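Enquirer: I would like to see how this sequence folds:
(chains A and B, ligands or ions: 1)
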Amino acid sequence: MIEKFDTLKAVAIPLDRGNVDTDAIIPARFLKTIKRTGLGEGLFYAWRFDDQGKEVPEFVLNKAPYRGGKILVTGENFGCGSSREHAVWSLMDYGIRVVIAPSFGDIFYSNGLKNGLLPVRLAPAKVRELLSQVQEAPGSMISADLPSQKVTGPDGTVYGFDVGSFPKECLIKGLDEIALTLEHEGEIERYERGGKTKTPWLFLDI
Amino acid sequence: MASIIRKIWDRHVVTEREGGLCLLYLDRHLVHEVTSPQAFEALRLAGRNVRRPLSLMAVPDHNVPTSPDRLETIEDPDSRLQLETLRENTREAGIPFFDMDDIRQGIVHVTGPENGLILPGVTAVCGDSHTSTLGAFGAVAFGIGTSEVEHALATQTLWQTRPREMRITATGALGSGVSAKDLILAIIAKIGAGGGTGYAIEYAGEAVRGLSMEARMTICNMTIEAGGRFGMVAPDETTFAYLKGRPAAPGPGLWDTAVADWKTLFSDDDGSFDREESIDAARIVPQVTWGTSPEDSLPVTGVVPDPAGHPDPRVRERMERALRYMDLRPGTRLTDIPIDKVFIGSCTNARIEDLRAAANVAKGKKVAGGVTAMVVPGSGLVKQQAEAEGLDKIFLDAGFQWRLPGCSMCLGMNPDRLKPGERCASTSNRNFEGRQGPGGRTHLMSPMMAAAAAVAGKITDVREVL
Ligand code: SF4
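Expert: All right, here's what the predicted structure looks like:
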């Protein structure tokens, strides 16, 4: 269920931490849902709220200029740890559509693309530049342009980024990946016929 | 000429697009209750079926309570609904399901291998990052998100880019009191929590060859804690001996053919790896984590590090945060850190050999006053075996709780949780903030070390009590 992504200009939120894991993005107790919706409430729960459930005023998401921000700028290895797609769902439910970081956990990166959350990898020094700009001028905007694979910082500096051509197309057009894969049904069947001869023990029923 | 990673990968490519994006055929897909409901729902909405239900296996593990009365009552309505949903979804799709009252129920990564579902040369996925565990059999096994679970259910394939390849060679042999857990913690400390990002990792070398299947699973399990896409050990006689006779392993009619095929799965010595690392296993001493990332691991003989000594301000800041969260002061000897709870369990360390190693330390001793210690077998079969060997008795006599199988206190999702501020010696795999319950503090270590900590009431070098 991919949400299309084309271009977006929005307030950027600086979360200056490395190794932000998916347990921090959405703690396990919020994963008991059988739905994809409503997870924004649990986003960064332990950092956003105190023991009484009151907002922690120092946490960046709770500061006035960043409320309603849709672009997160953060440290290396963002989304490491658990494979929970709930991390992406909670970010999106909160309103965030782009995360800019030097690197991502591999599963998080792929989960993002499959839902319409654009993960942008930039060199560490470039992420630093963006971080300090948005920290110095809270509320400033970044724009992300997927078709041309460019991010523009508050000061107008343009940064190119890489993204695979297939996920890019799916994201821009909002394509159903399963339907696309099923166009290869003939090849999948051929593979299975071959497999049954070469490695028959893998085709026994469990 | 190729690495084992590439050999297995290439066998499974249905079709390839530009940029190395492969449509990869999946032999096995394991399912649990947390990451699958939205996938089944989406299939239903799209009017799609599960393509090969009998190549799958589903089991509840994350939510299940581990108390003896769990079949009568699961108090949490959300957990109950998630378990019921898995039951319904698998029944409707015709997927083999090991329910809570089935002796085979357990943590999905324990249950799959012990029933012979994971074989050399297979591709295996599960909506869980610790699917990397299964690579111990010489399999390409990786965790996926729920959208990919849906894709895998519907098509028996996934689009995947080729990984970069890393080989980590462990030379020498592990010393007494030192286990596979210590080896993998030392590896993660060396390459970092993001050090394996984008890589598939083959673990090689005499230290790895000398390990049992269960110990190899412990190593591959924590590949994800170094950011690796999957981990792998090439199959050998140890692998074949483990598999022979397991329910889903090839029977007598196909066994020899299968083994002949499996023997072709090894890395050719042509230097094709993108990166090589090595570690001297003989020099590794028992490890303990002090911080909130699995890379924060140190020899138990060490002290809590001082951020002031670090040249990089960002690292310094991260260390200070971790120390605040963990409520530790630089310079404190690790063996002076008292603990409140002990958790022996999880997909990293809840197999029979782990329980034997812990029982060997606990035997004839008592859990220290004020400490709550629990042992949670990885599956019903592990529990049964342990009871047949009298391990339950050893633990109970020493004052440990002996519980029913599940993920338990590895993550704060079922009733087994740390309270805010509690400090736990844990055999699990993640010491993230709040992982074992909000405000809880985790020190990762081996089963032997956790048992020693339970007895002493503080972190202890197990080599001194063995
Ligand atoms: S034991 Fe822990 S790490 Fe393993 S599958 Fe369960 S929750 Fe995940």
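Enquirer: contacts, neighbours, all on C-alpha from now
Expert: OK.
Enquirer: residues in contact with the closest residue to B:Lys419 other than its chain neighbours?
Expert: Distances taken as C-alpha to C-alpha, 6 or more residues apart in numbering or on different chains place B:Gly440 nearest to B:Lys419, at 5.9 Å, with adjacent residues excluded. Applying C-alpha atoms under 8 Å, 6 or more residues apart in numbering or on different chains, we find B:Gly440 in contact with B:Leu418, B:Lys419, B:Pro420, B:Gly421, B:Glu422, B:Arg423, B:Cys424, B:Glu433, B:Gly434.
Enquirer: SS state for the residue in the stretch 151-300 of chain B positioned nearest to the ligand?
Expert: Closest residue of the stretch 151-300 of chain B to the ligand, C-alpha to the nearest ligand atom: B:Asn221 (8.4 Å). Assigned with DSSP: H, G, I helix; E, B strand; the rest coil, B:Asn221 falls in the helix class.
Enquirer: Ok, B:Gly175 next?
Expert: coil.
Enquirer: Report pLDDT for B:Met1.
Expert: pLDDT for B:Met1: 78.
Enquirer: for the stretch 151-300 of chain B, what spans make up the strands?
Expert: B:157-161, B:164-171, B:199-204, B:230-232, B:275-280, B:287-289, B:297-299 (DSSP state E, counting those that start in this stretch).
Enquirer: wait, which of those is closest to chain A?
Expert: strand B:157-161 (8.3 Å; C-alpha to the nearest C-alpha).
Enquirer: Angles on the backbone of the spatially most central residue of chain A, please.
Expert: Against the mean C-alpha coordinate of chain A, by C-alpha atoms, centre = their mean, the closest residue is A:Gly112 at 3.7 Å. Backbone torsions of A:Gly112, given as degrees, to the nearest 10, read phi -60, psi -50.
Enquirer: any idea how far it lies from the ligand?
Expert: 21 Å (C-alpha to the nearest ligand atom, to the nearest Å).
Enquirer: Please apply the same query to B:Asp99.
Expert: For B:Asp99 relative to the ligand (C-alpha to the nearest ligand atom), the value is 16 Å.
Enquirer: Correct me if wrong: B:Leu298 contacts B:Val288.
Expert: Yes: counting by C-alpha atoms under 8 Å, B:Val288 is a contact partner of B:Leu298 at 5.5 Å.
Enquirer: higher neighbour count, the two?
Expert: B:Val288 (32 against 22; other C-alpha atoms under 10 Å in any protein chain shown).
Enquirer: That one reaches B:His443, doesn't it?
Expert: Yes: B:Val288 is within contact range of B:His443, at 6.3 Å (criterion: C-alpha under 8 Å).
Enquirer: Burial check on the closest residue to B:Ile219 other than its chain neighbours, number of neighbours?
Expert: Nearest residue to B:Ile219 in three dimensions, chain neighbours excluded: B:Ile184, at 5.4 Å (C-alpha to C-alpha, 6+ apart). Using other C-alpha under 10 Å, B:Ile184 is surrounded by 21 other residues.
Enquirer: ok, B:Ile184 touching B:Asn221?
Expert: No: applying C-alpha under 8 Å, one finds B:Ile184 not in contact with B:Asn221, separated by 9.1 Å.
Enquirer: correct me, but the residue nearest to the centre of chain A touches A:Pro119?
Expert: Yes: under the criterion of C-alpha under 8 Å, A:Gly112 makes contact with A:Pro119 at 6.5 Å.
Enquirer: Kindly provide the distance from A:Lys150 to B:Arg70.
Expert: 53 Å (C-alpha to C-alpha, to the nearest Å).
Enquirer: neighbour count winner among those two?
Expert: A:Lys150 (17 against 14).
Enquirer: Leaving out sequence neighbours, find the closest residue to the closest residue to chain A within the stretch 351-466 of chain B.
Expert: Proximity of the stretch 351-466 of chain B to chain A (C-alpha to the nearest C-alpha) peaks at B:Met413, 4.9 Å away. For B:Met413, ignoring the flanking residues on the chain, the nearest one in space by C-alpha to C-alpha, 6+ apart is A:Arg29 at 4.9 Å.
Enquirer: helix/strand/coil for the closest residue to A:Gly153 other than its chain neighbours?
Expert: In this structure, A:Gly153 finds its nearest non-sequential neighbour in A:Ile142, 5.0 Å apart by C-alpha to C-alpha, 6+ apart. Under the three-state scheme (three-state DSSP), A:Ile142 adopts strand.
Enquirer: what's across from A:Ile142 in the sheet?
Expert: A:Ile142 has these beta-bridge partners by DSSP bridges: A:Ala10.
Enquirer: need the contact list for it.
Expert: A:Lys9, A:Ala10, A:Val11, A:Ala12, A:Ile71, A:Val151, A:Thr152, A:Gly153, A:Pro154.
Enquirer: Tell me, how many residues neighbour whatever residue of chain A ends up closest to the ligand?
Expert: Of all residues in chain A, A:Ser82 sits closest to the ligand, at 7.5 Å by C-alpha to the nearest ligand atom. When neighbours are defined as other C-alpha under 10 Å, A:Ser82 has 25 of them.
Enquirer: still on that earlier bit, for the residue nearest to B:Met413, which three-state class applies?
Expert: helix.
Enquirer: Check the offset of stretch B:432-441 from the chain's centre.
Expert: Distance, stretch centre to chain centre, for stretch B:432-441: 18 Å (C-alpha atoms, centre = their mean, to the nearest Å).
Enquirer: Tabulate the CA atom coordinates of that stretch in PDB.
Expert: Only the C-alpha atoms of stretch B:432-441 are listed here, as PDB (Å, rounded to 0.1, in the frame of the first residue of the first chain):
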ATOM      1  CA  PHE B 432      18.500  -0.600  23.300                       C
ATOM      2  CA  GLU B 433      16.800   1.900  25.600                       C
ATOM      3  CA  GLY B 434      13.500   0.500  26.800                       C
ATOM      4  CA  ARG B 435      13.900  -2.800  24.900                       C
ATOM      5  CA  GLN B 436      13.100  -5.000  27.900                       C
ATOM      6  CA  GLY B 437      10.500  -2.600  29.200                       C
ATOM      7  CA  PRO B 438      10.400   1.200  29.500                       C
ATOM      8  CA  GLY B 439      13.300   2.500  31.500                       C
ATOM      9  CA  GLY B 440      14.800  -1.000  31.900                       C
ATOM     10  CA  ARG B 441      18.600  -1.400  31.700                       C
END
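Enquirer: which parts of chain B sit against the ligand?
Expert: B:His62, B:Ile107, B:His130, B:Ser346, B:Cys347, B:Cys407, B:Cys410, B:Leu411 (C-alpha under 6 Å from any ligand atom).
Enquirer: near chain A too, which of those?
Expert: Contacts with chain A within these, counted by C-alpha under 8 Å from any C-alpha of the partner chain: B:His130, B:Leu411.
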